[in-house]
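A.B. asks: here are the coordinates; sequence isn't available:
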């Protein structure tokens, strides 16, 4: 009994330290190197976010669902006027941060393509800062950027397992939002690096809490969704709404921080119990969105696998999975 009580106390203390760590961001001060300096903005500089969902043409796509059961829009081609969206967000002076992790061999394999294609297609015309988290800042490519577009490089630790890199990004995202992003940006989007932008990924994707429908599960019955089915994991789910892809998610800084905090703390609790969720941070993200419904869903147009043969209903592929090079990048 004493051993059990001691284990519970120890777990509680470690979780408490994990939560405190999320609130401490000063450790970043010595790890930040700038490719371009960013303007210092006060919290009061930010304007309220823009909601244009009532202008969406939900009837434009009769071949796919355009609303969820809780009435959130599912964004597909033809549902929105891109020029109107961009005009309204420019008038509102909307600012966007993009986070991406390029650690170990992922930097050499994917980062240049990701950044150059993002500069060409991601939120074009809006002020955007690309936050690159890497263990090798000196190797980040120096790409040509349009006005009001910046790259900021943050040095992070390289974990020995790629699974830990994937899961621990939630802690890093939360800390950066608390330290800097919430004071400078209306929205933040988080991406996996092994992807390439091919077409517009624009302001129609912005929202308070944004999830992306996983391309491989778009037509499958829910019984085949790969939620974590292990009752010992904090990511355990018996049912859900959709299967979401952790390669793309975003929203307001507060909403993304809430997601990141939830995932990180539950990942840490699983670690204390010697448990690892089936699909790592993606399993925890799916649990979060089941409990906290996203306010906007992006269709698989916004994260498409080119190896999927069935492209019915897919009118445009905005972001593509890059060819996997696991034998080179995962050690």
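C.D. replies: Alright, I've got the coordinates. Here the structure is a predicted model, which is why all the values come from computation and not from measurement. Numbering: from 1, shown residues only.
A.B. asks: what's around residue 142, how many residues?
C.D. replies: Using other Cβ atoms under 10 Å, residue 142 is surrounded by 9 other residues. In short, each C-beta sits where N, CA and C put it, glycine included.
A.B. asks: measure it to residue 76 for me?
C.D. replies: Counting by Cβ to Cβ, to the nearest Å, the gap from residue 142 to residue 76 is 36 Å.
A.B. asks: thought residue 317 was touching residue 303?
C.D. replies: No. Between residue 317 and residue 303 there is no contact under Cβ atoms under 8 Å: 9.2 Å.
A.B. asks: Between these two, which has more neighbouring residues?
C.D. replies: residue 303 (25 against 21).
A.B. asks: moving C-terminal of the helix or strand hosting residue 83, what's the next helix or strand?
C.D. replies: In the assignment (DSSP states H and E), residue 83 maps to helix 82-91. For helix 82-91, the following helix or strand on the C-terminal side (DSSP H and E) is strand 96-101.
A.B. asks: what pairs with that next one, and is each one parallel or antiparallel?
C.D. replies: strand 128-134 (parallel), strand 187-191 (parallel) (DSSP bridges).
A.B. asks: For residue 266, which of those strands is the nearest?
C.D. replies: Smallest distance to residue 266 across those (Cβ to Cβ): 17.1 Å, for strand 187-191.
A.B. asks: Comparing the strands paired with strand 96-101, which comes out most buried?
C.D. replies: For the strands paired with strand 96-101, average neighbour numbers computed from mean count of other Cβ atoms under 10 Å are highest in strand 187-191, which has a mean of 25.
A.B. asks: contacting residues around that one?
C.D. replies: 49, 94-100, 114, 118, 122, 169, 173, 177, 181, 205-206, 210, 247-253, 256 (Cβ atoms under 8 Å, 6 or more residues apart in numbering).
A.B. asks: now it: mean pLDDT?
C.D. replies: The average of the pLDDT scores along strand 187-191 is 98.
A.B. asks: ok, now stretch 215-227?
C.D. replies: 96.
A.B. asks: Next, report how far it is displaced from the centre of its chain.
C.D. replies: Relative to the chain's own centre, stretch 215-227 is displaced by 20 Å; criterion: Cα atoms, centre = their mean, to the nearest Å.
A.B. asks: How about residues contacting that stretch?
C.D. replies: Contacts of stretch 215-227 (Cβ under 8 Å, 6+ apart): 235-240, 242-243, 245, 278-279, 283, 286-287, 299-300, 303-305, 308, 310.
A.B. asks: List only buried entries from these.
C.D. replies: Those of the contacts of stretch 215-227 that meet the buried threshold are 235-236, 242-243, 245, 279, 283, 286-287, 299-300, 303-304, by 16 or more other Cβ atoms under 10 Å.
A.B. asks: in stretch 283-292, what counts as buried?
C.D. replies: Buried, per 16+ other Cβ under 10 Å, within stretch 283-292: 283-290.
A.B. asks: likewise stretch 262-276?
C.D. replies: 262-270, 275-276.
A.B. asks: Please apply the same query to stretch 139-154.
C.D. replies: Buried residues in stretch 139-154 (16+ other Cβ under 10 Å): 140, 143, 145, 149-154.
A.B. asks: do stretch 216-229 as well
C.D. replies: Buried residues in stretch 216-229, defined by neighbour count with 16+ other Cβ under 10 Å: 217-218, 225, 227-228.
A.B. asks: Give me the distance between the two termini of it.
C.D. replies: End-to-end distance for stretch 216-229: 19 Å, by Cα to Cα, to the nearest Å.
A.B. asks: how far does that stretch sit from the chain's center?
C.D. replies: Distance, centroid of stretch 216-229 to centroid of chain: 20 Å (Cα atoms, centre = their mean).
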